[in-house]
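*Asks:* I would like to see how this sequence folds:
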Amino acid sequence: MRSPRPCAGPVRKAGTAAASLIAAALLVAVPGTPARAAVSTAPCGLAPVTAADADLAAQLNTRLGMKMRGHLDGYRVSCARAVVGAVRARGLPREAAVIAVTTAIVETGVRNIDREVDHDSLGVFQQRATWGSAAQRLDVTWATGAFLGKMLRKYPDGSWRSAVVGDVCQRVQVSKYPERYQPQAADGQLIVAALWPASGVTRAQVIARAKSWMPGTARRVPYSRTKTQGGYRADGSGYASMALLLGAPGPDSRGLASARYGKPIPVTALQPGDLVIRATGPATGRQVIIFDRWADAGHRSYWAYQQRRGYGTDHRRLTHGLSPGTGFLAYRPLAVR
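*Replies:* Purely as a prediction, here's the structure:
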């Protein structure tokens with residue numbers, strides 16, 4: 001990636017066009033700069049900039065609070081949309097898009113810069129030549145994927161989700177000016193919120209869908225690891241995937257416990273629609289339970305929905321996960337909104 005230069009002080013005069021381009025590029029790093037010099041850019045996607053992009057930019061310009069306030073336009077919205085789309089295609093949650101867009105705000109003002117105005121940096125993240133070819137770095141989908149790949153390597157097991165946004169940006173970019181990222185995080189969140197389509201299910205919907213397999217009745221769905229019900233496996237993880245509206249046939253218990261689909265929470269924080277999972281050991285010993293409600297004020301047991309071996313869909317009182325060492329852990333599904 002590029003090594004940003006200080007905003008204050010004169011740019012070295014080299015008597016070349018490159019010096020002017022560097023000075024122009026620096027304007028995007030100065031909050032409140034009234035003038036916007038021309039910088040050579042490439043399209044951020046195959047689709048052209050639309051009137052809807054321009055309208056959204058106008059709406060956001062009055063809400064943004066830092067560097068991009070008043071400077072967002074249809075083109076920059078199209079670039080942010082491409083970044084967000086790449087995050088969604090990777091199967092990562094909205095928080096990852098906030099990190100990526102925040103980085104793009106600082107690096108380029110969310111533009112796909114196609115001339116090397118700062119060393120050999122190119123693209124929306126100003127990635128150096130060591131990242132990939134020029135064509136790759138100017139492909140916003142590829143560039144975002146490379147950014148996310150490094151983020152996941154630096155923060156294994158979803159640990160990036162509990163880190164400060166600006167710290168994650170810096171660890172990926174290795175900028176000379178790490179303090180510039182975090183102040184832009186709130187604007188990054190606003191932009192992503194406007195571009196990330198509503199998805200997922202509410203807690204009430206999870207419980208309603210869990211009830212649709214008629215737990216505890218003669219019409220309950222029999223347990224099976226090979227048969228399906230409505231496209232979903234008729235086992236515990238398939239049942240939970242159905243309730244959460246995940247893609248059929250649904251991830252297995254280990255998948256549901258991974259950072260792609262959920263995050264660990266204290267068992268005392270369980271809410272309707274959260275999961276209690278034992279994802280270790282042989283397949284016959286793994287279980288996925290859908291938390292319904294606490295059965296007592298002391299949180300000594302809870303009511304839950306489960307696709308139970310040898311029986312099928314059930315709604316019963318459980319204590320799984322309330323004692324340490326049982327292998328059951330509590331998770332908050334990312335699909336729940």
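*Asks:* for stretch 171-191, which residues meet the burial criterion?
*Replies:* For stretch 171-191, burial by neighbour count (16 or more other Cβ atoms under 10 Å) applies to 171-173, 175, 180-185, 187-191. (C-beta placed from N, C-alpha, C; glycine too.)
*Asks:* can I get the CA coordinates of it in CSV?
*Replies:* These are the backbone C-alpha positions of stretch 171-191, laid out as CSV (Å, rounded to 0.1, in the frame of the first residue of the first chain):
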residue,chain,number,x,y,z
ARG,A,171,-2.8,-3.5,10.6
VAL,A,172,-3.8,-4.3,7.0
GLN,A,173,-2.5,-1.2,5.4
VAL,A,174,0.6,-0.5,7.6
SER,A,175,0.3,3.2,7.1
LYS,A,176,2.8,5.8,8.3
TYR,A,177,-0.2,7.7,9.8
PRO,A,178,-2.3,5.1,11.7
GLU,A,179,-4.3,7.8,13.5
ARG,A,180,-6.2,8.8,10.4
TYR,A,181,-8.4,5.7,10.1
GLN,A,182,-10.5,5.7,13.3
PRO,A,183,-12.0,9.3,12.9
GLN,A,184,-13.5,8.1,9.6
ALA,A,185,-15.1,5.0,11.0
ALA,A,186,-18.5,6.6,11.8
ASP,A,187,-18.8,7.8,8.2
GLY,A,188,-17.8,4.4,6.9
GLN,A,189,-20.6,2.9,9.0
LEU,A,190,-23.1,5.4,7.6
ILE,A,191,-22.1,4.7,4.0
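*Asks:* so which residues make contact with it?
*Replies:* Here stretch 171-191 makes contact (Cβ atoms under 8 Å, 6 or more residues apart in numbering) with 1, 3-4, 6, 29, 60, 63-69, 72, 77, 80, 98-99, 101-103, 105-107, 110, 125, 147, 150-151, 154-155, 164-167, 169-170.
*Asks:* which residues in this protein form strands?
*Replies:* Assigned by DSSP state E, the strands in the chain fall at 228-229, 232-233, 262-265, 275-278, 287-294, 302-308, 312-318, 329-333.
*Asks:* of all these, which lies closest to R90?
*Replies:* R90 lies closest to strand 262-265 among the strands of the chain, at 16.5 Å (Cβ to Cβ).
*Asks:* dump the strands of the chain into CSV; add distance to S121 as well.
*Replies:* Shown next, in CSV, are the strands of the chain (distance: least, Cβ to Cβ, whole Å):
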stretch, distance to S121
strand 228-229, 50
strand 232-233, 46
strand 262-265, 34
strand 275-278, 43
strand 287-294, 46
strand 302-308, 52
strand 312-318, 55
strand 329-333, 38
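*Asks:* A38 is nearest to which of these?
*Replies:* Across these, closest to A38 is strand 262-265 (Cβ to Cβ), at 43.4 Å.
*Asks:* that closest one pairs with which strands?
*Replies:* Paired with strand 262-265 in the same sheet, following DSSP bridges, are strand 329-333 (antiparallel).
*Asks:* residue contacts, the closest residue in space to V288 that isn't next to it in sequence?
*Replies:* Using Cβ to Cβ, 6 or more residues apart in numbering and skipping residues adjacent in sequence, the residue nearest V288 is G236, 4.0 Å away. The contact partners of G236, by Cβ under 8 Å, 6+ apart, come to 253, 286-289, 306-308.
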